[in-house]
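> Just the structure for this:
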Amino acid sequence: MSSNVPATFTDLLARCTHSAVHLELRDSYAVDYEHGPFADWRAGHRHQPDDRASWWRPWLDMVQETVNRGVAMRRARIVSEPVSEYTQFLYDGTFTNVAAGEEIRWLPRRRASDIALPGNDFWLFDGRIIHWNHFAGDGSSLGSEVWDDAPEAAELCADAFEAVWARAIPHSTYRVN
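Numbering: from 1, shown residues only. Next up is the predicted model:
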């Protein structure tokens, strides 16, 4: 279902003109318990809000650049409660995304039961280009797929995201339990 869409996520975000929304549906993603940010977090490392230099990464730079050119970036996470250890990890680091300009909300899964949701996580760019994220049962990535010629699917994604967003709790007031 893809045609002349840029091949990479970075290209899609760079060409986005007004909105980039992301819906996350899983309670964990490709957890490496031995190495990397999740392992560091489990060992007690936490980013300090007043030390941006220690946590400002390429992703956050890209978010800030995108928001600075007028694109609204919003992310909604549907989460099971009590939250998984991985969701707690995400929650603890989300302030960095917010500082970069991304708006983030959390929706307890029990409050999403009557919302029609796509079967996969997605990014929706400018309400028309879908970047699907596919995952295995263990959270490892199975790759992505871009659809730019599926208006019905784009409408489903937009409607699902807005329904979740309307019910979700802003990061500033959501508390994990």
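
> what residue ranges in the chain score low on pLDDT?
1-7, 56 (pLDDT under 70).

> can you pull out the strands in it?
Secondary structure of the chain (DSSP state E): strands located at 19-24, 72-79, 103-108, 121-125, 129-135, 141-147, 169-170.

> Looking at those strands, which one is packed in the most?
Ranked by mean neighbour count, those are led by strand 121-125 with a mean of 24 (mean count of other C-beta atoms under 10 Å). The way it works is simple: take the backbone N, C-alpha and C, and place the C-beta from them, glycine included.

> all helices for the protein, in order.
Secondary structure of the chain by DSSP state H: the helices cover 9-15, 36-42, 52-55, 58-68, 85-100, 151-167.

> can I get the ones you listed in a markdown table with mean neighbour count and distance to Leu117?
What follows is the helices of the chain, written out as a markdown table (neighbours: other C-beta atoms under 10 Å; distance: least, C-beta to C-beta, whole Å):
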| stretch | mean neighbour count | distance to Leu117 |
| --- | --- | --- |
| helix 9-15 | 15 | 21 |
| helix 36-42 | 14 | 26 |
| helix 52-55 | 11 | 31 |
| helix 58-68 | 15 | 24 |
| helix 85-100 | 17 | 17 |
| helix 151-167 | 17 | 5 |
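
> Leu142: which of the ones you listed is closest?
helix 9-15 (15.1 Å; C-beta to C-beta).

> before we move on, the earlier item: please identify which of the helices of the chain is closest to Asp138.
Comparing the helices of the chain by C-beta to C-beta, helix 85-100 comes nearest, at 11.7 Å.

> can you pull the contacts of the nearest residue to Asn120 once chain neighbours are set aside?
Excluding the flanking residues, the one nearest Asn120 by C-beta to C-beta, 6 or more residues apart in numbering is Trp132, at 5.0 Å. The neighbourhood of Trp132, defined by C-beta atoms under 8 Å, 6 or more residues apart in numbering, consists of Asn120, Asp121, Phe122, Ser144, Glu145, Val146, Trp147.
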